[in-house]
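Colleague: When you get a sec, could you give me coordinates for this:
(one chain, ligands or ions: 3)
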Amino acid sequence: MRAVFCAVVCLSGCYAPAYEDCQISCAGNVCPSGLSCVAGMCRSGGASGVCGQGNRDGGVDAVVRDGSPSDVDGDGIPNTSDNCPTKSNANQADEDNDTLGDVCDPCPWSGTTADNHDSDGDGVGDGCDPRPNVVGDRIVLFEGFAGGVLPPGAMAVGPWMFSGGTASTVSGPQSTLVWPIPITSAETVFAHGTLDQVTNGKGDVEVLDAFEVANARGIGCSIGWPSGAVQPLMFLLDTGPNVVLSSMQMTAPLGIQTTFRIDRTAMGFQCKTIPQPNTVIVANGPMAASPNAGFRVRTATAHFDWIAVVTSQ
Ligand SMILES: [Ca+2]
Ligand SMILES: [Ca+2]
Ligand SMILES: [Ca+2]
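Modeller: Ligands and ions are numbered 1, 2, ... in the order given. A predicted model of the protein is given here:
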């Protein structure tokens, strides 16, 4: 009797997943980064069973995992040294070096205490939450390129290289690297990258949102020298017809690490780049039926450190 009691205490006390496995359905096989579609639900590694049956972890997921008690997420890293003990992350990637692995970090690209604090309790830390006082946001993609290869789920066109925690591409007509994202009422794309060189004075780097792979149409939040531009610009581009929707002059951005942010609500897009011109430009653009987010580089050499997508329900 005592043995049974101890076993129950250990299971309920040792197993407290930060992520529930029966909360997100995966219509279209699209799941947040780090999760995979199993039997219609997005689940972290090691999860099995039917939603709504059993209660091993005491949460609403009620899915039994395959891992042993000493490695509950089954990723090969013992609980005691796993930077995400209840989410499978064999590579232990930790972009911001705050000791929380990317897949369970409430703010994976900034490790300050204030940025990790989650004021509205929706699982997204204030520093990464586009709406830190409105519940309902979710990180559906975070990729820090720790794997050294094309990340799972990403689609690449052109010469991309992955090493040292970056994705880079060399001068060519254009290179794209995109990930499918769920269709929601609004989303925010964050990315960190650098335009290193352009070819013959022309070239740009874009962070894409609402991008359709089939016809290469979407919105680009871009910096550089688009065709015909004399001065460097930060601009919002409709990538299909290659039309600049809104723009602002900036000083030459070559070699400057830049944080990009695109906010979409319905068909309205806002673009901001930091450190410069550090202003918001807005435009209406196309809304994709099968949206992707990612990067595009045209006649330039560039590298990226990470990308994230946060959706709002
Ligand atoms: Ca883990
Ligand atoms: Ca972290
Ligand atoms: Ca939040």
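
Colleague: beta partners of the one residue in the stretch 151-300 of the chain that gets nearest to ligand 3?
Modeller: Taking Cβ to the ion as the measure, the point where the stretch 151-300 of the chain comes nearest ligand 3 is residue 188, at 12.3 Å. C-beta: built from backbone N, CA, C; applies to glycine. Applying DSSP bridges to residue 188 yields these beta-bridge partners: residue 263, residue 310.

Colleague: Do I have it right that it meets residue 269?
Modeller: No - here residue 188 does not reach residue 269: they are 10.7 Å apart, not a contact under Cβ atoms under 8 Å.

Colleague: So for the two, which residues contact both of them?
Modeller: 262-263 (Cβ atoms under 8 Å, 6 or more residues apart in numbering).

Colleague: In terms of neighbours, single out the busier of the two.
Modeller: Here residue 188 and residue 269 are compared on neighbour count by other Cβ atoms under 10 Å; more neighbours surround residue 269, at 27 against 22.

Colleague: who's in contact with the more buried one?
Modeller: Taking Cβ under 8 Å, 6+ apart as the contact definition, residue 269 lies against 209-210, 219, 221, 236, 245, 262-263, 282-285.

Colleague: Drop anything exposed from those.
Modeller: When burial is judged by neighbour count using 16 or more other Cβ atoms under 10 Å, the buried members of those are 209-210, 219, 221, 236, 245, 262-263, 283, 285.

Colleague: Just put those in CSV and tack on pLDDT.
Modeller: As requested, the buried ones among the contacts of residue 269 are exported to CSV (pLDDT from 0 to 100):
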residue, pLDDT
209, 98
210, 97
219, 98
221, 98
236, 97
245, 96
262, 98
263, 98
283, 97
285, 93
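
Colleague: State the pair within the residues you listed that is farthest apart.
Modeller: Pairwise distances across the buried ones among the contacts of residue 269 peak at 14.6 Å for 245 and 263 (criterion: Cβ to Cβ).

Colleague: count of neighbours near the residue of the stretch 201-313 of the chain found nearest ligand 3?
Modeller: Closest approach of the stretch 201-313 of the chain to ligand 3 (Cβ to the ion) occurs at residue 310, with a separation of 9.3 Å. Other residues lying near residue 310 total 23 when counted by other Cβ under 10 Å.

Colleague: ok now do the residue lying closest to residue 304 once chain neighbours are set aside, which residues does it touch?
Modeller: Excluding the flanking residues, the one nearest residue 304 by Cβ to Cβ, 6 or more residues apart in numbering is residue 193, at 3.8 Å. Residues touching residue 193, when contacts are defined by Cβ under 8 Å, 6+ apart, comprise 205, 207, 257-258, 260, 295, 302-305.

Colleague: Got the domain ranges for this protein?
Modeller: According to automatic domain parsing, the chain is divided into the following domains: 1-92, 155-312.

Colleague: that older thread, can I get the contacts of residue 269 in JSON lines with distance to ligand 2?
Modeller: As requested, the contacts of residue 269 are arranged in JSON lines below (distance: Cβ to the ion, whole Å):
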{"residue": "209", "distance to ligand 2": "24"}
{"residue": "210", "distance to ligand 2": "28"}
{"residue": "219", "distance to ligand 2": "29"}
{"residue": "221", "distance to ligand 2": "25"}
{"residue": "236", "distance to ligand 2": "31"}
{"residue": "245", "distance to ligand 2": "35"}
{"residue": "262", "distance to ligand 2": "23"}
{"residue": "263", "distance to ligand 2": "24"}
{"residue": "282", "distance to ligand 2": "32"}
{"residue": "283", "distance to ligand 2": "34"}
{"residue": "284", "distance to ligand 2": "36"}
{"residue": "285", "distance to ligand 2": "32"}
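
Colleague: Rebuild those as JSON lines, extending it with distance to residue 69 and secondary structure.
Modeller: Output for the contacts of residue 269, formatted as JSON lines (distance: Cβ to Cβ, whole Å; DSSP: H, G, I helix; E, B strand; the rest coil):
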{"residue": "209", "distance to residue 69": "43", "secondary structure": "strand"}
{"residue": "210", "distance to residue 69": "44", "secondary structure": "strand"}
{"residue": "219", "distance to residue 69": "48", "secondary structure": "strand"}
{"residue": "221", "distance to residue 69": "46", "secondary structure": "strand"}
{"residue": "236", "distance to residue 69": "52", "secondary structure": "strand"}
{"residue": "245", "distance to residue 69": "55", "secondary structure": "strand"}
{"residue": "262", "distance to residue 69": "43", "secondary structure": "strand"}
{"residue": "263", "distance to residue 69": "43", "secondary structure": "strand"}
{"residue": "282", "distance to residue 69": "53", "secondary structure": "strand"}
{"residue": "283", "distance to residue 69": "54", "secondary structure": "strand"}
{"residue": "284", "distance to residue 69": "54", "secondary structure": "strand"}
{"residue": "285", "distance to residue 69": "51", "secondary structure": "coil"}
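
Colleague: if we look at ligand 3, which of those residues are close to it?
Modeller: Restricting these to those adjacent to ligand 3 (criterion: Cβ under 5 Å from the ion) removes every one of them.
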